[in-house]
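In: Quick one, fold the following:
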Amino acid sequence: MDYSRTERADRLAAEYVLGTLSGRARRRFETLLPAHPQLRRSVNDWQERLVPLVDVVPEVQPSPQVWQALQRRLFSSPADAAMAQGASGWWQRLALWRGFTAFSTVAALSLGLWLAQPQVAAPPIVIVMAAQPGTPAGLQNASFVVSVAGDGRSLVFKPLSQLPVGLDKALELWVIPGQGAPRSLGLVSADGATTVLRQQLLKGTAAFAVSVEPTGGSPTGTPTGPVISVGKLQV
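Out: Residues are numbered from 1 along each chain as shown. Down below sits the predicted model:
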């Protein structure tokens, strides 16, 4: 089974986090987690979605009158009523577990409805990267377009014109955060589209930049050559 497919991994992870995946299927899923990054990402995503629900569902403690009325209806004789007093804690625990089961059922039904509905993807964010003053000869028209997926997990980088970078040079794409050092997104093509897959491309990002580096990329982890193009992120 191809667990790298996002939709399949997402469904299995949702059942696992909700607890509806049980028995051998659950144990098999747990053995697959270390070898399948997509499954681990999906489990983490569902935990982040569902765990906060626990904090927003208020705990309700039934009043003593409710328990007494329940005991009177269930036990007719005085002896049975006395036994019921001892079992009161057990009934309360039972009610707690029933409440948790009901919550899990509602969550599972809600999840099923959510999965059955077509999901509306967030529109991509397009950044136009303009050439910078002082760009080396031949690269004065170094302009690019970056299209970032709405979920921030991928982007497509494309030059607006073919650039004569040279055989001993390469273009490297960088994330420029609001604070801190630039982060490399790897080498990109000077004459065609490049797809970059990362988590949280938009988190803390203020701009994207392109620098000219040696063929293997920056040897220091920061731009070492001229920065020829910059595009600010506006969201």
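In: Could you use CA atoms for every contact and neighbour count after this?
Out: Fine.
In: Where does Gln68 sit: helix, strand or coil?
Out: Put simply, Gln68 is helix when judged by DSSP: H, G, I helix; E, B strand; the rest coil.
In: Check it and give its pLDDT.
Out: pLDDT recorded at Gln68 is 72.
In: Distance check, it against Glu30.
Out: To Glu30, Gln68 is 44 Å away according to CA to CA, to the nearest Å.
In: Gln65 too?
Out: Distance from Gln65 to Glu30, by CA to CA: 45 Å.
In: Look at the two and report which has more neighbours.
Out: Using other CA atoms under 10 Å, the more surrounded residue of Gln65 and Glu30 is Glu30, with 14 against 9.
In: what about stretch 197-215, start to end distance?
Out: 21 Å.
In: ok, residues contacting that stretch?
Out: 129, 148, 151-155, 165, 167-179, 223-234 (CA atoms under 8 Å, 6 or more residues apart in numbering).
In: what residues does stretch 24-32 touch?
Out: With CA under 8 Å, 6+ apart, stretch 24-32 has contacts from Tyr16.
In: Just the CA trace of it, in PDB.
Out: Extracted in PDB, the C-alpha atoms of stretch 24-32 (Å, rounded to 0.1, in the frame of the first residue of the first chain):
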ATOM      1  CA  ARG A  24      -4.200  -5.500  14.700                       C
ATOM      2  CA  ALA A  25      -4.800  -2.600  12.400                       C
ATOM      3  CA  ARG A  26      -3.700  -0.100  15.100                       C
ATOM      4  CA  ARG A  27      -0.600  -2.200  16.000                       C
ATOM      5  CA  ARG A  28       0.300  -2.500  12.300                       C
ATOM      6  CA  PHE A  29      -0.100   1.300  11.900                       C
ATOM      7  CA  GLU A  30       2.200   1.900  14.800                       C
ATOM      8  CA  THR A  31       4.900  -0.400  13.300                       C
ATOM      9  CA  LEU A  32       4.700   1.600  10.000                       C
END
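In: Relative to Thr215, how far out is Arg26?
Out: Taking CA to CA as the measure, Arg26 falls 47 Å from Thr215.
In: Identify all contacting residues around stretch 127-144.
Out: 145-147, 157-161, 163-165, 208-209, 226-233.
In: Sort out which of the residues you listed are buried, if you could.
Out: Listed as buried from those are 145-147, 157-160, 163, 165, 208-209, 227-231, 233; burial here means 16 or more other CA atoms under 10 Å.
In: All the helices of this protein, in order from the start?
Out: Listed in chain order, the helices of the chain (DSSP state H) span 6-18, 23-32, 37-50, 53-56, 64-74, 78-86, 88-116.
In: Find me the pLDDT at Thr224, would you?
Out: 92.
In: show me where pLDDT drops low in the chain?
Out: Low-confidence segments of the chain (pLDDT under 70): 1-6, 50-62, 66-67, 70-121, 235.
In: Ala181 - nearest residue in space that isn't next to it in sequence?
Out: Thr222 (7.5 Å; CA to CA, 6 or more residues apart in numbering).
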